[in-house]
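Engineer: Got a sequence here, can you build the structure:
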Amino acid sequence: MIRRVWDITLTVRDLKRAIDFYEKVLGLSKKYVFKDYAGFDCGGIEIGLKTWGELEKPRKGEPCINFLVDDIEKSYKILLENKVEIIKGPKERPWGGRIVLFKDPDGNILQFTEINWSKYFKACAPK
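Structural biologist: Numbering: from 1, shown residues only. Okay, here's the model as predicted:
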């Protein structure tokens, strides 16, 4: 029935500002931009940014998008250089991951994850 995740779409206040963040800070490849929507490719899954929707707090139902990265320290440094609001991290996880939790300019929760695959497979293997 379900074939795959097609896209994840977030609500933003200022589309141009959000496009700059996702393209220049996160390094995602922009696919297209319309008046009230922009789409980015992230390994075959679209990250969508839309200007309609609720931005009031608490933002119930908004997802946390988790981006897999090769180098968490390098990714963290890029966030700091761009004055991105960091929530947590880098933090070691017991399953072999290191994470950084942060916000985009509109308060959407995002995460970078670097995985030590040998630790991950050992921690997550059926016992």
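Engineer: Any idea what Leu49 is bridged to?
Structural biologist: With DSSP bridges as the criterion, Leu49 is bridged to Leu10, Ala38.
Engineer: Could you break this protein into its assigned domains?
Structural biologist: 1-51, 63-127 (automatic domain parsing).
Engineer: I'd like the ones you listed as JSON lines, with mean pLDDT appended.
Structural biologist: Output for the domains of the chain, formatted as JSON lines (pLDDT from 0 to 100):
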{"stretch": "domain 1-51", "mean pLDDT": "91"}
{"stretch": "domain 63-127", "mean pLDDT": "90"}
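Engineer: Reformat the ones you listed as TSV; add mean neighbour count.
Structural biologist: All C-beta spots, glycine's among them, are computed from the backbone N, C-alpha and C. Below are these laid out as TSV (neighbours: other C-beta atoms under 10 Å):
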stretch	mean neighbour count
domain 1-51	14
domain 63-127	15
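Engineer: and the lengthiest helix in the chain, how far out from the chain's middle?
Structural biologist: If you go by DSSP state H, the chain has its longest helix at helix 72-81. Distance of helix 72-81 from the chain centroid (C-alpha atoms, centre = their mean, to the nearest Å) equals 14 Å.
Engineer: Could you list the residues in contact with that helix?
Structural biologist: Residues from elsewhere that reach helix 72-81 (C-beta atoms under 8 Å, 6 or more residues apart in numbering): Val25, Val69, Ile86, Gly89, Pro90, Arg98, Ile99, Val100, Phe102, Phe112, Thr113, Glu114.
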